[in-house]
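>>> Can you look at this prediction? I've put the sequence above it.
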Amino acid sequence: MPPKPTKVTNRIRALRFESDEMTQADLAARLKVTRQTVIAIEQGKYSPSLEMAFEIARVFKRPLDDVFQYSAGGTDDQLSA
Amino acid sequence: MTHELRQPGDDDPVVMTAEERSVWVYLAVVVITSTAYFAVVIPRAVSQPIEDVSWITPMLWVLGFSIAGTIVGSVVGSVSGAVGLAIRGINPEGQLEGDQRDKDIRRMGDQRAALAASSAMFVVLVLAMIGADLFWIGNTVFLAGTVGALLETITKIRAYRRGF
């Protein structure tokens, strides 16, 4: 069964790689969630709550929109045009 | 491509959380017990007058087995999940207990079950108003419980597997 597409994409996998190759299990432990949830978020199968999204951004010491991107049928450039 | 970035540990086997395992157990129990119940009661209902059909005793057995089966199955599932991780040398910490995603999925499933229950209440009310035999009232409630449980578990499994 193909994953349900979500409008929220993220760079968590890349940011983990940039953060001393943080594992999914490490990130899950810091967020106090299961590794399965981290995997689901990375694969776009689960959109985390706003609170969890901020916690993830805090772990990577990045602004929220460096971690998550939202595209409602177009890019930010297209939306602002 | 960010999708190709894989850190050590990313390829470790992923196990079901205890919550997801419980959903699978519940689905199996509902399918087995409901099938058994209808396999006993439907032939009786076809071969004799409805008011003579003995359905209360089979239903009590099925409800008892459902409750016991769900509890025992969930415990066995949780223990086997932990043992499976231990055998493979994987730390079970953070892999089995539920979190916010499990709560969100549980809420979605509960909403479907509540929809089936409220629909059944309306049908039962109509049956009572027209003075239907208790067989129809009792079995409508049971059928609604089965349908509600199937909707609930399938919704949850879809959410776990496909995302939401």
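Nice, thanks for sending it over. Numbering: from 1, shown residues only, chains lettered A, B, ... in the order given.
>>> Check whether stretch B:21-41 comes near chain A.
No: residues of stretch B:21-41 are not located near chain A by C-beta under 8 Å from any C-beta of the partner chain, the shortest gap being 11.4 Å. The C-beta positions use only the backbone N, C-alpha and C, and glycine is treated the same way.
>>> Spatially nearest residue to residue A:53, not counting backbone neighbours?
Nearest residue to residue A:53, sequence neighbours excluded (C-beta to C-beta, 6 or more residues apart in numbering or on different chains): residue A:68, at 5.7 Å.
>>> Would you agree that neighbour is in contact with residue A:55?
No: the criterion here is C-beta atoms under 8 Å, and residue A:68 misses it with residue A:55 at 12.0 Å.
>>> Now the residue in chain B that chain A sits nearest to: phi and psi?
Among residues of chain B, the one nearest chain A by C-beta to the nearest C-beta turns out to be residue B:163. It sits 2.7 Å away. Torsion angles at residue B:163 (phi, psi; degrees, to the nearest 10) stand at phi 100, psi 170.
>>> swap in residue A:9?
According to degrees, to the nearest 10, residue A:9 has phi -110, psi 170.
>>> quick one, helices of chain B?
B:18-47, B:56-87, B:100-129, B:134-162 (DSSP state H).
>>> what separates the closest residue to residue B:112 other than its chain neighbours from residue B:27, distance-wise?
Of all residues beyond its chain neighbours, the one nearest residue B:112 is residue B:151 (4.1 Å), with distances taken as C-beta to C-beta, 6+ apart. For residue B:151, the distance to residue B:27 (C-beta to C-beta, to the nearest Å) stands at 11 Å.
>>> Then residue B:141?
20 Å.
>>> By mean pLDDT, point me to the weakest helix or strand of chain B.
helix B:56-87 (a mean of 89; mean pLDDT, DSSP states H and E).
>>> repeat for chain A
Per mean pLDDT, DSSP H and E, helix A:76-80 ranks last in chain A, at a mean of 46.
>>> Longest helix in chain A, please.
For chain A, the helix with the greatest residue count under DSSP H is helix A:50-59.
>>> would you put the C-alpha positions of it in PDB?
Output in PDB follows, covering the C-alpha atoms of helix A:50-59 (Å, rounded to 0.1, in the frame of the first residue of the first chain):
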ATOM      1  CA  LEU A  50       2.900  21.800  16.100                       C
ATOM      2  CA  GLU A  51       4.500  21.200  19.500                       C
ATOM      3  CA  MET A  52       6.400  18.200  18.300                       C
ATOM      4  CA  ALA A  53       7.500  20.000  15.100                       C
ATOM      5  CA  PHE A  54       9.000  22.800  17.300                       C
ATOM      6  CA  GLU A  55      10.700  20.200  19.500                       C
ATOM      7  CA  ILE A  56      12.300  18.600  16.400                       C
ATOM      8  CA  ALA A  57      13.500  22.000  15.200                       C
ATOM      9  CA  ARG A  58      14.900  22.700  18.600                       C
ATOM     10  CA  VAL A  59      16.900  19.400  18.600                       C
END
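>>> Thanks a lot, see you next time.
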